[in-house]
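Enquirer: got a predicted structure here, sequence first:
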Amino acid sequence: MKNAKSRAASILGNIARYVFLLAFSYILLYPLIFMISNSLKSPADFYDPTVEWVPKNAVTTNLQLAIQAMDFGGAIKNTFLYEMVAALLEIVSCAVAAYGLARFKFKGKNLLNAVMLLTILVPTTMIIIPSYINFRYLDIFGILGLIGKLTGSELRLNVLNTGWVMWLPSLFAVGLKGGLFIYIYKQFFQGLPKEFEEAAWIDGAGPIKTFLKVIVPASTVPIITVTMFAVVWHWNDYYLAQMYLSSNFPVSVQLANIESLLGSALHGTEMTQTVTAPVIMAGCLLTVTPLIIFYIVLQRRFIASIANSGIVG
């Protein structure tokens, strides 16, 4: 009798678990299924109220129009050139900055920690105007401005509409969400046993070699975590790219402007919702697909890194 009750309780528990997972999966997958369904609909299917999920006449015209309107090949190239390079620089620079804050004692360390927290708390929109002016008149400690006053010529650089507006902040660990990335790294580095570094120092390794040969190989979990966040946030970055660039936009900006870009792609066709909505859905699908593939690939390595590091709950 007791075995029957425990078996029944186990079956009910499994059923409840599966119901919860199915419901949660539906919530997560619904937007993707909605995009795929609508991006394959013809204008007639989109207008037909009887067509809900499966188009009667699936077409790829919407995808072709989205690729043409967004200049998808050029947008992807700009995204990798500007945003992904910036993400890579930020992954590296934030790790170096976090290691210094986590392991070394120096004057001004508490101040730097406070600044790091401020970069997390203060939104980008509050500092966008001084940042814009800084990139418009880029100077090094005011040296170029001082020389310009003495010589009567403008020597300060204008780096707007170039990759430097993305690369420079990331290079100095103050790029998009840089404070959060430093915090993630810092919390992990503080939990590493100091014996790792002491053993390396005894063998004659300096701080740089210790960081590269000991700390980095042991930090796959925060590196992969920061990589996932950095790639996703830089890929979806619209605000900074729209503010700093006036041409050669990444895919996020092109997607935001797709409705206005459809005019030239449709060649005078009447801009109705039945025409534009499926193309917009196709543009969303094209934009999000590389991120989905990236997440699926990196998720496996993330789980493997947790298992190999010996971290348990």
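Expert: Structure received. Numbering: from 1, shown residues only.
Enquirer: for the helix or strand Val253 falls within, which outside residues touch it?
Expert: Counting by DSSP states H and E, the element that carries Val253 is helix 251-256. With contacts defined as Cβ atoms under 8 Å, 6 or more residues apart in numbering, helix 251-256 is touched by 70-72, 75-76, 78-79, 235-238, 241-242, 245, 261, 283-284, 286-287. All C-beta spots, glycine's among them, are computed from the backbone N, C-alpha and C.
Enquirer: give me the buried entries from those.
Expert: Among these, those that count as buried by neighbour count (16 or more other Cβ atoms under 10 Å) are 70-72, 75-76, 78-79, 235-238, 241, 245, 261, 283-284, 286-287.
Enquirer: for the stretch 201-313 of the chain, which residues score under the pLDDT cut-off?
Expert: Along the stretch 201-313 of the chain, the model assigns pLDDT under 70 to residues 264-275, 302-313.
Enquirer: for it, what spans make up the helices?
Expert: For the stretch 201-313 of the chain, applying DSSP state H, counting those that start in this stretch gives helices covering 207-210, 220-235, 239-244, 251-256, 258-266, 273-309.
Enquirer: identify, out of those helices, the most deeply packed stretch.
Expert: helix 251-256 (a mean of 22; mean count of other Cβ atoms under 10 Å).
Enquirer: centre of the chain to that helix, how far?
Expert: Relative to the centre of its chain, helix 251-256 is centred 14 Å away, using Cα atoms, centre = their mean, to the nearest Å.
Enquirer: using CSV, list the CA coordinates for it.
Expert: What follows is helix 251-256, C-alpha atoms only, in CSV (Å, rounded to 0.1, in the frame of the first residue of the first chain):
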residue,chain,number,x,y,z
VAL,A,251,21.6,45.1,-38.1
SER,A,252,19.8,46.4,-35.0
VAL,A,253,19.5,49.9,-36.5
GLN,A,254,18.5,48.6,-39.9
LEU,A,255,15.8,46.5,-38.3
ALA,A,256,14.4,49.5,-36.4
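Enquirer: in stretch 117-128, what counts as buried?
Expert: For stretch 117-128, burial by neighbour count (16+ other Cβ under 10 Å) applies to Thr119.
Enquirer: show the end-to-end separation of that stretch, please.
Expert: One end of stretch 117-128 to the other measures 18 Å (Cα to Cα, to the nearest Å).
Enquirer: who touches it?
Expert: 174, 176, 178-180, 183, 239-240, 243.
Enquirer: surely Ile140 forms part of a helix?
Expert: No - with DSSP: H, G, I helix; E, B strand; the rest coil as the criterion, Ile140 is assigned coil and is not in a helix.
Enquirer: got the phi and psi for it?
Expert: Dihedral angles of Ile140 (phi, psi; degrees, to the nearest 10) stand at phi -120, psi 100.
Enquirer: distance of it from Leu146?
Expert: 10 Å (Cβ to Cβ, to the nearest Å).
Enquirer: between the two, tell me which one has more neighbours.
Expert: Leu146 (12 against 9; other Cβ atoms under 10 Å).
Enquirer: check which residues of the strand or helix carrying the more buried one are buried.
Expert: Secondary structure from DSSP H and E places Leu146 in helix 143-151. Using 16+ other Cβ under 10 Å as the test for burial, helix 143-151 gives Leu144.
Enquirer: what average pLDDT does that helix get?
Expert: The average pLDDT within helix 143-151 is 81.
Enquirer: could you point out which element follows that helix?
Expert: helix 164-171.
Enquirer: which helices and strands sit right next to that next one?
Expert: For helix 164-171, the packing partners by 3 or more Cβ pairs under 8 Å, 6 or more residues apart in numbering; DSSP states H and E come out as helix 85-103, helix 239-244.
Enquirer: how about those helices in TSV, adding distance to Tyr18?
Expert: Shown next, in TSV, are the helices and strands packed on helix 164-171 (distance: least, Cβ to Cβ, whole Å):
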stretch	distance to Tyr18
helix 85-103	37
helix 239-244	41
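Enquirer: between those helices, which one is nearest to Ala199?
Expert: helix 85-103 (14.5 Å; Cβ to Cβ).
Enquirer: report the buried residues of the closest one.
Expert: For helix 85-103, by 16+ other Cβ under 10 Å, it's 85-91, 93-95, 97-103.
Enquirer: how long is stretch 156-168 end to end?
Expert: 15 Å.
Enquirer: what sits up against it?
Expert: By Cβ under 8 Å, 6+ apart, stretch 156-168 touches 81-83, 85-86, 89, 132, 135-139, 144-145, 148, 175, 240-241, 244-248.
Enquirer: may I see the buried residues of that stretch?
Expert: Of all the residues in stretch 156-168, those buried under the rule 16+ other Cβ under 10 Å are 156, 159, 162-168.
Enquirer: circling back: of the contacts of stretch 117-128, closest to Val279?
Expert: Among these, and counting by Cβ to Cβ, the member closest to Val279 is Tyr239, at 23.8 Å.
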